[in-house]
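Okay, sequence plus prediction incoming.
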Amino acid sequence: MEKENLQLVTDLRHELHTHPELSYEEVWTRQRLINFLKEHTNNLEIVDEGKKYFYAAYRAGEGKKNIAFRADFDALPIPETIDLPWGSTIPGVAHKCGHDGHSSSLAGFALEIDQKGADQNIFFLFQHAEETAQGAIEAQEILQKENIDEIYGFHNMPGIPLKTVSIIDGTAHFASRGMSIEMVGTPSHASEPEKGINPSYAIAKIIEAIPEFTSPKDNEGLILCTVIQIDVGSENYGIAAHSGALKMTIRAEMETELDRLQTNLENLSRQLSEQQGIHVSFNYNDIFPETVNTKECSDIVRKVCHEKGLAWQEHPKAYRASEDFGEYLKQVKGSYFYVGSGEDHPGLHTLYYDFPDEIIETVVEVYKGIAGTK
C-alpha cells in the first residue's frame, strides 16, 4: 500500500473516531466518507442516492466480474473513557467495535484501485446500522442493481495475533434475534390471588423449559437462549401481578435450529396461556441471520495471503456473536474474514477498545489481492 494513502486513511480513521454516530444517525460520517473519496479519487463513480448507505464503483468494463467489498460505519452507545488524541467528542458514544477502521480500510482500498486500476468491476459499499441488524437488509439491494457476483468483508478481531488473517469456511457467525414474550392476565387484590390471573407461573414454566429446548442431544449445532430481563407486575404490594414480559436473546449456529427454538418457545407460551386464560403476544428485534461463507471465496482469501506472504490461520469455529453480513451471503457468494487486533488487545464493545491502525495495510493488501491488483 502506498505510504501516502496509508497516512491519509489513518488520519481519516482518527477523524471518524472523533465524530462517532449511532445506527441511523450516521449523517456526518456518511458525508465525510463521500467527501473523502471525492477529494482523493479521480476514476471512481460515487453512487449517492440519498439513502443511509452509499457506494463507489470502479468499472473495468462489460464482461468483467462484479466484486463488492463492504464496510460498516456506525458506532456504539459506549462512552470514551480512555485518553486518545482522537478520542470521541460525542458524550456516551464511541467507536468501540472498530467500524471507523473498517470504513477507513475500505477507503484506503478505494484509493489504491483508483490509482492502479483493476481487472474486474469493483464496488466499495459503505453501510450504515450494522449494530441493529438493519443496515445490510437495506443495502443488499445493490447486489441485484449491480449484478454482484461475489462480496467480501472483514472484522478486526481481538484475541488473534496482530495483522494475522483468520479464515473460515461455512458458518462464521451465529444467527440471533431478540425475543419478547408478553403476557397479560387479570388483576386481583393481593389477599385474593385466586380471583386474578397471574402470568408469573407461566413465565416460570417457560424459563424452566429452556434447558430442554437448547439441549445438545436435540440439536446439531450449538443453540443458546439467554434471559436478559424478567419484568412481571409492579411494586404495589396490594395488587397481584397481572402482566409481564420475558425478554431473551435466542441464538444458534444454524438458522433452522434457531427457528425451531423460536417455535418451541411460542408453542409452549400459547399452550400455557390457553390453559390459564392469559393473552400472549410476541415481539422480535435485532434479527441477525447466520453468516455462512462460501468455501470457494474463502479459498481465494487463503490464496491471496499465501501469495503475498501474509500471516494467516484457519479460524477454529464460528463466533457466537452475530453479524448482518449474512444478509448478503444469502444472495451471492462471498467470504467474511478476520484480521487480528492482537492477542491481548481489549475486547470489542469494551471501554478500553480502540481499532489498531497497524492492520489497515493488511486489510487493503488482502482486498487488492482479491481484486487482482498489485
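Received, thanks.

Is residue 296 located within a strand, as I assumed?
No. Residue 296: not assigned to a strand; according to DSSP: H, G, I helix; E, B strand; the rest coil it is helix.

what residues are up against it?
Counting by Cβ atoms under 8 Å, 6 or more residues apart in numbering, residue 296 makes contact with residue 333. (C-beta placed from N, C-alpha, C; glycine too.)

Run through the stretch 151-300 of the chain and note the low-pLDDT ranges.
Counting by pLDDT under 70, the stretch 151-300 of the chain contains no low-confidence residues.

where along it do the helices fall?
200-213, 255-276, 295-308 (DSSP state H, counting those that start in this stretch).

Name whatever forms a beta bridge with the nearest residue to residue 347 once chain neighbours are set aside.
Excluding its sequence neighbours, the residue lying closest to residue 347 (Cβ to Cβ, 6 or more residues apart in numbering) is residue 158, at 5.2 Å. Counting by DSSP bridges, residue 158 is bridged to residue 342.

how close does residue 158 sit to residue 174?
Here the criterion is Cβ to Cβ, to the nearest Å. By it, residue 158 lies 18 Å from residue 174.

Also residue 203?
Applying Cβ to Cβ, the value for residue 203 to residue 174 is 25 Å.

Of these two, which one has the most company?
A side-by-side neighbour count of residue 203 and residue 174, using other Cβ atoms under 10 Å, places residue 174 first with 26 against 22.

my read: the more buried one touches residue 326, true?
No. Counting by Cβ atoms under 8 Å, residue 174 stays clear of residue 326, with 9.6 Å between them.

shared neighbours of these two, which are they?
Common neighbours of residue 174 and residue 326 (Cβ under 8 Å, 6+ apart) are 288, 290.

what sits against residue 169?
Here residue 169 is in contact with 293, 295, 298 (criterion: Cβ under 8 Å, 6+ apart).

Based on its surroundings, how many neighbours for residue 253?
Applying other Cβ under 10 Å, I find that residue 253 has 21 neighbouring residues.

and residue 84, helix, strand or coil?
From three-state DSSP, the assignment for residue 84 is coil.

and the nearest residue to residue 153 once chain neighbours are set aside, what element?
Setting aside the residues directly before and after it, residue 153 is nearest to residue 70 in space (Cβ to Cβ, 6+ apart), at 4.4 Å. Here residue 70 is covered by strand 66-72, with elements defined by DSSP states H and E.

How far away from the center of its chain is that strand?
Strand 66-72 has its C-alpha centroid displaced from the chain centroid by 14 Å (Cα atoms, centre = their mean, to the nearest Å).

so that strand versus helix 295-308, what angle?
Orientation check (axes from the mean of the first three to the mean of the last three Cα atoms, to 10 degrees): strand 66-72 against helix 295-308 gives 80 degrees.

following strand 66-72, which helix or strand comes up?
Following strand 66-72 toward the C-terminus (DSSP H and E): helix 99-116.

residues of the helix or strand that that following helix is followed by that come out buried?
Using DSSP H and E, the next helix or strand after helix 99-116 towards the C-terminus is strand 121-127. Within strand 121-127, the residues that count as buried by 16 or more other Cβ atoms under 10 Å are 121, 122, 123, 124, 125, 126, 127.

Residue 77 and residue 134: what is the separation?
As for residue 77, its distance to residue 134 is 16 Å (criterion: Cβ to Cβ).

Nearest spatial neighbour of the residue most central in space within the chain, chain-adjacent residues omitted?
Against the mean C-alpha coordinate of the chain, by Cα atoms, centre = their mean, the closest residue is residue 323 at 3.0 Å. In this structure, residue 323 finds its nearest non-sequential neighbour in residue 173, 4.2 Å apart by Cβ to Cβ, 6+ apart.

who does the one you found bridge with?
According to DSSP bridges, beta-bridge pairing links residue 173 with residue 291, residue 319.

Return the residues in contact with it.
With contact taken as Cβ under 8 Å, 6+ apart, residue 173 is in contact with 288, 290, 291, 318, 319, 321, 322, 323, 325, 326, 336.

let's go with 7 Å and repeat that
Residue 173 is in contact with 290, 291, 318, 319, 321, 322, 323, 326, counting by Cβ atoms under 7 Å, 6 or more residues apart in numbering.

With distance to residue 257 added, can I get those in CSV?
Formatted as CSV, these follow (distance: Cβ to Cβ, whole Å):
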residue, distance to residue 257
290, 10
291, 15
318, 13
319, 17
321, 17
322, 14
323, 18
326, 15
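
Now which of those residues would you call buried?
Among the contacts of residue 173, the ones that count as buried by 16+ other Cβ under 10 Å are 290, 291, 318, 319, 322, 323, 326.
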